[in-house]
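Student: here is my input; please provide its structure:
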Amino acid sequence: MDTNVVIDYLAQRQPFWLDAAELMQAGLDKQTRLYVASLSFANIYYILRRVGTAEKARELLVRLERLVRIVTVDDIFIRQALASTFSDFEDGIQHFAAVSVSASAIVTRDYKDFQTSLLPVISPAQALLEI
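Tutor: The predicted model follows:
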C-alpha cells in the first residue's frame with residue numbers, strides 16, 4: 001500500500017477513509033496480505049504529528065504495525081529507484097519494495113506517479129473488489 005492510503009486510514013481522511021478501513025479490515029481478517037514499506041512509517045509519522053501530536057502519531061503507527069507486513073527498504077531499492085524513470089523518487093522506492101515481495105498490485109490514489117510500474121496500480125476500492 002502506498003503511503004497516501006495508509007494516511008487515509010489512520011487520519012480518517014474523508015472521503016477516502018471508508019475504502020482504506022475496509023481494506024485494513026480485510027487484512028486483519030486474513031482475506032489479503034497488506035504490505036507497507038518501512039519508509040512509509042517515517043513519512044506517516046511526520047504527517048500525523050503535524051495534524052495531531054507525536055504521541056498520537058506513535059499510537060497510530062503501533063496499530064498499523066499490527067495490521068501490515070513491513071517491507072524493509074534497503075540499498076538495493078534505493079539504487080533501483082535512483083536508476084528508474086519514476087518521476088517521484090519515493091514512489092519508485094515504494095514500487096521496488098512491492099516488487100520484492102511479489103505484491104499483486106500497488107494500492108494508491110496517486111496513479112500518475114506509478115505510470116512506469118511493473119505491477120498493476122489500483123485504488124483501494126478496486127483492491128476490495130479483487131479480494
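
Student: from now on I want contacts and neighbour counts done on CA atoms only, so please keep to that.
Tutor: Will do.

Student: am I right that A98 is in contact with V107?
Tutor: No. Between A98 and V107 there is no contact under Cα atoms under 8 Å: 10.1 Å.

Student: the two: which is more packed in?
Tutor: Applying other Cα atoms under 10 Å to A98 and V107 shows that V107 carries more neighbours, namely 26 against 23.

Student: thought that one was touching D2?
Tutor: Yes. Counting by Cα under 8 Å, V107 touches D2, with 5.9 Å between them.

Student: now for the two: what residues contact both?
Tutor: Between them, V107 and D2 share no contacting residue under Cα atoms under 8 Å, 6 or more residues apart in numbering.

Student: ranges for the strands of this protein?
Tutor: Ranges of strands in the chain, per DSSP state E, are 35-37, 69-71, 106-107, 121-122.

Student: need the winner for burial among the ones you listed.
Tutor: strand 106-107 (a mean of 25; mean count of other Cα atoms under 10 Å).

Student: follow-up on the earlier one: for the strands of the chain, which one sits closest to F16?
Tutor: F16 lies closest, by Cα to Cα, to one member of the strands of the chain: strand 106-107, at 12.7 Å.

Student: got a list of contacts for the closest one?
Tutor: Strand 106-107 is contacted by residues 1-2, 5, 95, 98, 119-124, 127 when judged by Cα under 8 Å, 6+ apart.

Student: switch the strands of the chain over to CSV; also include mean pLDDT and distance to A81.
Tutor: Shown next, in CSV, are these (pLDDT from 0 to 100; distance: least, Cα to Cα, whole Å):
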stretch, mean pLDDT, distance to A81
strand 35-37, 98, 14
strand 69-71, 98, 15
strand 106-107, 98, 15
strand 121-122, 98, 17
